[in-house]
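curious how this folds, go ahead:
(chains A and B)
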There are 2 protein chains.
Amino acid sequence: MAKWYIDDGSQSDVVLSTRIRLARNLKGFPFPNKMNADDAKRVIDTVEAALEEMNYTFTKIDLPAMTEEQRRKLVEERYISPAFASSKLPCAAYISEDENVSIMVNEEDHIRIQCIYAGFEDKKAYDLIEKVDGYLAERLDYAVHEKYGYLTSCLTNVGTGMRLSYMVRLPAIAMSGASESVFATIGKLGVTVRGMYGEGSKSTGHIFQLSNQTTLGRRESEIVSELGEIINNVISKERELREALFEKNGTALEDRIMRSWAILSNARILQSQEMIQRISDVSLGISLGIIKNIDSKDINAIMITASPAHIIANYETNEAVERDVIRARIVREAFQRR
Amino acid sequence: MAKWYIDDGSQSDVVLSTRIRLARNLKGFPFPNKMNADDAKRVIDTVEAALEEMNYTFTKIDLPAMTEEQRRKLVEERYISPAFASSKLPCAAYISEDENVSIMVNEEDHIRIQCIYAGFEDKKAYDLIEKVDGYLAERLDYAVHEKYGYLTSCLTNVGTGMRLSYMVRLPAIAMSGASESVFATIGKLGVTVRGMYGEGSKSTGHIFQLSNQTTLGRRESEIVSELGEIINNVISKERELREALFEKNGTALEDRIMRSWAILSNARILQSQEMIQRISDVSLGISLGIIKNIDSKDINAIMITASPAHIIANYETNEAVERDVIRARIVREAFQRR
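Predicted coordinates:
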């Protein structure tokens, strides 16, 4: 299996990932928040039967059999949502062989199809998710309202049921104090700005999630192209400010970047927050040509492989200190291999 | 000329330098604090004439012709004292060809002979200074009191006029919280503890100056052997605590050391204080076998060559930011050369 995050995506100096998810529900079943275990199981069976016929292989993830860390590991890889990881209702997840598509059954909606790619890959993600959704639509009886479109558990998703979100790294916009005005501008254009870990989370390492606010009254393809254009403008602004920042205060910026690079390459204890922040500096250094022996793609992958649940699950430790020691080693070895 | 501080001294993992100075005054002249310019010039002439006959070559340092930075550079190299660098009275300094001996004329006393070596070198320093002092004693009329010994401007120096001082790096004693008790113990044995820059200065980078408190009523050779024994005990204690610290909390210590090493090797802006502190960590790392590509002797030399007045005098800059940039480059290149 090829994890999406070790892939080389387009514009990876700014865009960590492009993700589209569609919320779909089945006719004849209550929404998951009103559903009993029996309904839930029947929904799983229905969806699973449809998936089995498909010419695009999915692997079922046996969530109830997993430890909490294994589930959180899937959250860190962004195959499932945090809420889904601790769901009490019978639920199931399916991940495609190429790991670009995951399907959650009985999350907030009966079906959540999600497609994710490293970098800025709106077209690829949209094409693939349309294919999966189209296939399922032929085999399942989706709850659709003639006028409003897809019906969903939460009102904000009614319509296309689509959320397109970009995980972006905006160090220059943040450092030069432009974030407030940039976010206000794109907010007026219908873009929601969130921290790295979704709703209500604060930004760490200058990482933000930018996504469409509304799904009602517009076509899916419109959302994709409109949001894509806005993101492209944000990318341009970020690049422009990176150059400006470097021109204005190059030595201080280089100092910050080189110190972070040096620490990531040599620390023996490394907390997750510090790693994310320092990786942001290094990422900026790569895009400015200051750091040459490692690329954006690699550090984005490191960030996920060295995240807490990955370490707990892969190294069978739950000691915070030991985790930080393992993280330091993973990061150090990745940086020194280059 | 071979600077004393680029030399390889004994026990340089703890001892940066051994310095002995003798305070001597000439009969028939008022002490410098009561002296007029004319007397001062005659003292200079008298001492200079004696030095010229000597079979150990001294170079006269023309202090009045020097810029403030050039004088401060000599202070950083510890050839002259800070007070001497800004003296208003006619004064002169002489540095021996091997740069182990320097003589200040008209500092607090008419003559201050000083001998300095890298590392723990009490015997070498004592032998050499005795030779120079003995030679001068034959040619000059020292002010000596039959009962008290050498007469000096300040009462604390009456007797042998000798101060023997060791510059030591005591990171483990400091970090493990033992400094108070260690310093109290050696204080009772007649040892004065000062910071890096002498009287009243605070310790930076865990560097301390340990010296004899009294000079009265004891022989010079006694002071040397007694203080040497105490210093040897402090060195043992420091080494013991380094091992203990490493055993107890090795990873945290290694993390601290490697981060400092990484920053010294990569920073683009480096303030003097930070350099001294991080060099202390690296020095500890060398003695624990964690850092292998650089040795104590080298880093002690870097510390002096990258000190403020050296940079100002050698690079003709007085901008604080530029100085920090130059310092970072000096240190980085020294670290990366290894």
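
contacts and neighbour counts: CA atoms only from here.
Will do.

show the pLDDT at the residue nearest to the spatial centre of chain A.
Nearest to the geometric centre of chain A sits residue A:78, at 5.3 Å (C-alpha atoms, centre = their mean). pLDDT recorded at residue A:78 is 90.

what about it, is that helix, strand or coil?
Three-state call for residue A:78 (DSSP: H, G, I helix; E, B strand; the rest coil): coil.

please report how far it lies from residue B:108.
Noted for residue A:78: a distance of 73 Å to residue B:108, by C-alpha to C-alpha, to the nearest Å.

residue A:28 now?
For residue A:28, the distance to residue B:108 - C-alpha to C-alpha - is 100 Å.

repeat for residue A:250
Taken as C-alpha to C-alpha, the span from residue A:250 to residue B:108 is 48 Å.

and the angle for the top helix by length along chain A with helix B:220-266?
In terms of residue count, the longest helix belonging to chain A (DSSP state H) is helix A:220-266. With axes from the mean of the first three to the mean of the last three C-alpha atoms, to 10 degrees defining the directions, helix A:220-266 sits at 160 degrees from helix B:220-266.

need the residues that contact whichever helix or strand comes after helix A:220-266.
Helices and strands here follow DSSP states H and E; after helix A:220-266, the next one along the chain is helix A:272-287. Helix A:272-287 is contacted by residues A:13, A:169, A:171, A:204-206, A:242, A:254, A:256-258, A:260-261, A:264, A:291-292, A:294-296, A:299, A:303, A:306-308, A:324, A:327 when judged by C-alpha atoms under 8 Å, 6 or more residues apart in numbering or on different chains.

tally of neighbours for whatever residue of the stretch 1-150 of chain A ends up closest to chain B?
In the stretch 1-150 of chain A, the residue that lies nearest chain B is residue A:13 (22.7 Å; C-alpha to the nearest C-alpha). By the measure other C-alpha atoms under 10 Å in any protein chain shown, the count of residues near residue A:13 is 24.

what about stretch A:154-174, average pLDDT?
So the average pLDDT for stretch A:154-174 ends up being 91.

and the nearest residue in space to residue A:150 that is not next to it in sequence, backbone torsions?
Closest residue in space to residue A:150, ignoring its immediate chain neighbours: residue A:144 at 4.4 Å, by C-alpha to C-alpha, 6 or more residues apart in numbering or on different chains. Dihedral pair for residue A:144: phi -130, psi 140, per degrees, to the nearest 10.

residue A:20 falls within a strand, correct?
Yes - assessed with three-state DSSP, residue A:20 lies in a strand.

that one contacts residue A:160, correct?
No - counting by C-alpha atoms under 8 Å, residue A:160 is not a contact partner of residue A:20; they are 11.6 Å apart.

that's a strand at residue A:210, yeah?
Yes - under three-state DSSP, residue A:210 sits within a strand.

any idea how far the residue of the stretch 1-150 of chain A closest to chain B is from residue A:240?
Relative to residue A:240, and taking C-alpha to C-alpha, residue A:13 is found at 13 Å.

again, but for residue A:170
Applying C-alpha to C-alpha, the value for residue A:170 to residue A:240 is 11 Å.

and what of residue A:191?
21 Å.

show me what from the stretch 151-300 of chain A comes close to chain B.
A:251-252, A:254-256, A:258-259, A:262-263, A:265-269 (C-alpha under 8 Å from any C-alpha of the partner chain).

quick one: secondary structure of residue A:193?
Assignment for residue A:193 (three-state DSSP): strand.

find the nearest non-adjacent residue to it, please.
Closest to residue A:193 by C-alpha to C-alpha, 6+ apart is residue A:210, at 4.8 Å.

repeat that for residue A:105.
residue A:111 (4.8 Å).

who does the helix or strand encompassing residue A:181 touch, helix- and strand-wise?
Using DSSP H and E, residue A:181 maps to helix A:179-188. The contact analysis (3 or more C-alpha pairs under 8 Å, 6 or more residues apart in numbering or on different chains; DSSP states H and E) places helix A:179-188 against strand A:191-194.

circling back: neighbour count for residue A:28 and residue B:108, which is higher?
Set side by side, residue A:28 and residue B:108 show more neighbours around residue B:108, with 20 against 10, by other C-alpha under 10 Å.

distance of the more buried one from residue B:287?
38 Å.

now do residue A:283
When residue A:283 is compared with residue B:287 (using C-alpha to C-alpha), they lie 35 Å apart.
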